[in-house]
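task: produce atomic coordinates for the following.
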Amino acid sequence: MQKILIPTDFSENAWNAIDYAMQLFRNTRCKFYLLNTYTPVIPSSRFMAKMVDGVSIVDAVRRNSEEGLNKTVERIKTKYGNPNHSFETVSSFNLLVEEVKDIVESLGIHLVITGTKGASGANEVFMGSNTVRLIKCTKKCPILAIPYHYEYVTPSEIAFATDFKRFYTSSELSPVLAMAKMFNATIRIVHVQYGIKALTELQQFNLNMLRRYLGNVEHYVHTVSELNSISHTLESFSKELDIHLLAMLNYQHSYMEKMTREPIIKRTAFHTQIPLLVIPELGMEGVSEESKDEKEIQSHN
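Down below sits the predicted model:
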């Protein structure tokens, strides 16, 4: 059974992510954990009221959180009523990122699904600051970020963005493979090229290993020239090939890290137009013995 964590602030943006999750996993047995965190501002001055109608501020906020979660579960059951799905609510007086990290580790969560809401114009924030913090700090499981207003489409076209400079283990690639097999999807491996350069021996080795992992899953390799920025390039590629899901690994110097560091003016076109699956880099404790052997092979090439 899949264990999936979905943070919510009860906004329509958050509901859109829930809606997407229910449809994406409609044929999969899942336990969904719906999380709402709250950090009420507690007045420090003894002259300021700490009670509202006889109820402490903390209690009032906690009650609103719990009621909001219960209403959300009822809304899901009313709309979908899926016997494959069960739900548990978590209301926590904590910071969102810290609570997500704790739950992922303590409950063995397989996937975090979150809504992302970018602003517009000069004040745009890449995917929303909460989403970026989750991606940077969650190291134990993938995060699937769903854009605001994105309507569910079965992901039959999945792009996997890579520069081939890093060796990917089978464990790190398993979320992409699982998604592709679930929907009989085609995987488009996309490499953003800077100028006209042939792949190095190391890059070619990593590409060959990647194709070996993908096995009989239909896949193609696309090399595209950079257009102003990585984010703009991937956004254009996704539009041109009608990609339904963009996946990438998050590690030092990865496309994901570079995009979060790009100047705002360069990434205004890309605040996740399609769902984005971000896979954390696994430490060696999460790598199989076979993958360890393969890393040894790489170190001698």
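
and P280, what does it touch?
Neighbouring residues of P280 by C-beta atoms under 8 Å, 6 or more residues apart in numbering: 138-142, 249-250. For the C-beta atoms, the positions are set from N, CA and C on the backbone; glycine is no exception.

distance check, it against L35.
18 Å (C-beta to C-beta, to the nearest Å).

again, but for I187
According to C-beta to C-beta, I187 stands 30 Å off from L35.

and the one helix or strand A159 maps to, what's buried?
Element membership for A159, per DSSP states H and E: strand 157-161. Using 16 or more other C-beta atoms under 10 Å as the test for burial, strand 157-161 gives 157-161.

contacts for it, please.
Residues contacting strand 157-161 (C-beta under 8 Å, 6+ apart): 176, 179-180, 185-192, 234, 237-238, 241-248, 255.

out of the contacts of P280, which are buried?
For the contacts of P280, buried by 16+ other C-beta under 10 Å: 138, 140-142, 249-250.

okay, the residues you listed in a markdown table with distance to Y148, secondary structure and pLDDT next?
A markdown table is the format used below for the buried ones among the contacts of P280 (distance: C-beta to C-beta, whole Å; DSSP: H, G, I helix; E, B strand; the rest coil; pLDDT from 0 to 100):
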| residue | distance to Y148 | secondary structure | pLDDT |
| --- | --- | --- | --- |
| T138 | 20 | coil | 82 |
| K140 | 26 | coil | 86 |
| C141 | 23 | coil | 92 |
| P142 | 20 | coil | 95 |
| L249 | 25 | strand | 88 |
| N250 | 22 | strand | 83 |
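
same list (these) but as JSON lines, adding distance to Q23.
Shown next, in JSON lines, are the buried ones among the contacts of P280 (distance: C-beta to C-beta, whole Å):
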{"residue": "T138", "distance to Q23": "23"}
{"residue": "K140", "distance to Q23": "25"}
{"residue": "C141", "distance to Q23": "21"}
{"residue": "P142", "distance to Q23": "18"}
{"residue": "L249", "distance to Q23": "25"}
{"residue": "N250", "distance to Q23": "25"}
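
sorry, back to before: nearest to V97, of the contacts of P280?
Nearest to V97 among the contacts of P280, counting by C-beta to C-beta, is T138 at 7.7 Å.

against L144, how distant is that closest one?
Counting by C-beta to C-beta, the gap from T138 to L144 is 11 Å.

what sits in contact with each of those two?
By C-beta under 8 Å, 6+ apart, the residues touching both T138 and L144 are V112.

show the average pLDDT along the longest helix along the chain.
In the chain, taking DSSP state H as the definition, the longest helix is helix 57-79. For helix 57-79, mean pLDDT rounds to 93.

and the nearest residue to V217 once chain neighbours are set aside, what does it touch?
Spatial nearest neighbour of V217, excluding adjacent residues (C-beta to C-beta, 6 or more residues apart in numbering): A180 at 5.0 Å. The contact partners of A180, taken as C-beta under 8 Å, 6+ apart, are 158, 186-187, 217.

so which of the residues you listed comes closest to L111?
Among the contacts of A180, and counting by C-beta to C-beta, the member closest to L111 is I158, at 15.0 Å.

confidence score at the closest one?
So, for I158, pLDDT stands at 97.

repeat that for S299.
S299 carries a pLDDT value of 44.

re the thing from before, which among the contacts of strand 157-161 count as buried?
176, 179-180, 185-192, 234, 237-238, 243-248, 255.

thank you, goodbye.
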